[in-house]
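A.B. asks: build me a structure from this.
(one chain, ligands or ions: 1)
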Amino acid sequence: MAAEVPDQNTTVWFQNKFTRLAEANVNILTHALNYGSGVFEGIRGYYDEKQQELLLVRVMDHYERWKQNCGILRIAIPPSAEELSEITAELCRRNGFRSNVYVRPLAYKASARIGVHADDNDAYAIVVVPFGNYFGKQKGVKAGVVSWRRVEDNAIPGRAKICGAYVNSVLATDEAHRNGHDEAIFLNESGHVAEGATCNLFMLRRGKLVTPPPTDNILEGITRDSVIELARKELNLEVVERSIDRSELYVCDEIFFTGTAAEVAPIIAVDHRPVGTGEIGAVTQKIRSLYFDATRGRLPAYRNWLWPVYRPALEKTA
Ligand SMILES: Cc1ncc(COP(=O)(O)O)c(C=O)c1O
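C.D. replies: Next up is the predicted model:
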């Protein structure tokens, strides 16, 4: 992941206005900081040199999901998904970003006081930063099953991108790294494969693409959804949502992660065992290329996934 500290002069959206990142701060007693009562999102934008355009990927879907998930924590976000997308595009323009970017919307319980009960004092912010490759491993990722289990829906809903729930991912990633892996694979409480610490998982077995269903305590990824559509429509592949056993990861042909940050990331080893040939699989490679092209506006059928940042501004001034 691009680990640089963002420029503190970056323009961000905070307290319903544009301000500098250096000024977008919260009180130490903020409810969300103490109790994890926030909900975040992650959205990517890709800059295409040829079109001189920055394309936000499925930005409306991300904001719809965010608003729905905030409802789980009873956090209200008044603007519509469209208005939030407009604010995001405007942030990109104000910062003059002409590179790939990552958007981090964060909604949270904002009262600064002691006490776990949540009131209706809600706030949200949107930050956009330049962003590169998440894993930094173009030749494939080595993953390992960790001892931490994925949060259960009836404890902390994993589908909601709740800040506090990400302690689960932090612990898993730390364990995976210490065991020599690039990324963690979570099992759920019933022992089935759930997902990575920050990404969904797909496996190719007996010619079918298999991925765990939402009821296996996964985050219902938007990239997962995009990949299912691409695999079915462009590759004519059968995609099955069913539980996956841990040991299937050792005998299947291909595995890859999907996620906004992770994109389509081939997994070349699980628990120190090679996946398939130990090289990036042919189907994974095809899906990765399709996803790459679709998110750069190179596949007309998927242009509706993309929100151009600069074109509306150019049209306005024309
Ligand atoms: C736990 C978890 N699973 C899956 C994903 C992938 O979701 P998406 O494709 O919507 O980014 C993420 C990333 O946000 C995540 O944090």
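
A.B. asks: let's verify Thr88: helix, strand, or coil?
C.D. replies: Per DSSP: H, G, I helix; E, B strand; the rest coil, the local secondary structure of Thr88 is helix.

A.B. asks: what sits against it?
C.D. replies: Applying C-beta atoms under 8 Å, 6 or more residues apart in numbering to Thr88 gives the contacts Ile43, Leu56, Val59, Val103, Pro105, Ile126, Val128. To be clear about C-beta, it is placed using only N, CA and C from the backbone, and glycine gets the same treatment.

A.B. asks: make a markdown table from these and add pLDDT to it.
C.D. replies: Shown next, in a markdown table, are those (pLDDT from 0 to 100):
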| residue | pLDDT |
| --- | --- |
| Ile43 | 98 |
| Leu56 | 98 |
| Val59 | 98 |
| Val103 | 98 |
| Pro105 | 98 |
| Ile126 | 98 |
| Val128 | 98 |
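
A.B. asks: show me which of those is closest to Val240.
C.D. replies: Ile43 (28.0 Å; C-beta to C-beta).

A.B. asks: export the contacts of Thr88 to CSV and tack on distance to the ligand, neighbour count and secondary structure?
C.D. replies: What follows is these, written out as CSV (distance: C-beta to the nearest ligand atom, whole Å; neighbours: other C-beta atoms under 10 Å; DSSP: H, G, I helix; E, B strand; the rest coil):
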residue, distance to the ligand, neighbour count, secondary structure
Ile43, 8, 27, strand
Leu56, 13, 24, strand
Val59, 12, 27, helix
Val103, 11, 26, strand
Pro105, 12, 26, strand
Ile126, 16, 22, strand
Val128, 16, 29, strand
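
A.B. asks: for Gly132, give me the pLDDT.
C.D. replies: The per-residue pLDDT reported for Gly132 equals 84.

A.B. asks: sorry, wrong one. I was asking about Ala3.
C.D. replies: pLDDT, Ala3: 57.

A.B. asks: with Lys316 instead?
C.D. replies: For Lys316, the model assigns a pLDDT of 48.

A.B. asks: with Pro312 instead?
C.D. replies: 64.

A.B. asks: contact residues of the stretch 101-250 of the chain facing the ligand?
C.D. replies: For the stretch 101-250 of the chain, the residues in contact with the ligand (C-beta under 6 Å from any ligand atom) are Ser169, Glu195, Thr198, Cys199, Asn200, Leu219, Gly221, Ile222, Thr223, Arg224.

A.B. asks: report the two of these separated the most.
C.D. replies: Ser169 and Ile222 (17.3 Å).

A.B. asks: run a quick neighbour tally on whatever residue of the stretch 1-150 of the chain ends up closest to the ligand.
C.D. replies: As assessed by C-beta to the nearest ligand atom, the ligand sits closest to Gly42 within the stretch 1-150 of the chain, at 4.8 Å. Using other C-beta atoms under 10 Å, Gly42 is surrounded by 17 other residues.

A.B. asks: not counting its neighbours along the chain, what's nearest it?
C.D. replies: Nearest residue to Gly42, sequence neighbours excluded (C-beta to C-beta, 6 or more residues apart in numbering): Thr260, at 4.6 Å.

A.B. asks: from what I see, that neighbour and Phe40 are in contact.
C.D. replies: No. Thr260 is beyond contact range of Phe40, at 11.4 Å (criterion: C-beta atoms under 8 Å).

A.B. asks: which one of the two has more residues nearby?
C.D. replies: Ranked by neighbour count (other C-beta under 10 Å), Thr260 and Phe40 place Thr260 first, with 22 against 19.

A.B. asks: what residues are up against that one?
C.D. replies: Neighbours of Thr260 in contact, by C-beta under 8 Å, 6+ apart: Gly42, Ile43, Arg44, Val57, His62, Tyr102, Gly221, Ile222, Thr223.

A.B. asks: let's see that with 7 Å instead.
C.D. replies: Counting by C-beta atoms under 7 Å, 6 or more residues apart in numbering, Thr260 makes contact with Gly42, Ile43, Arg44, Ile222, Thr223.
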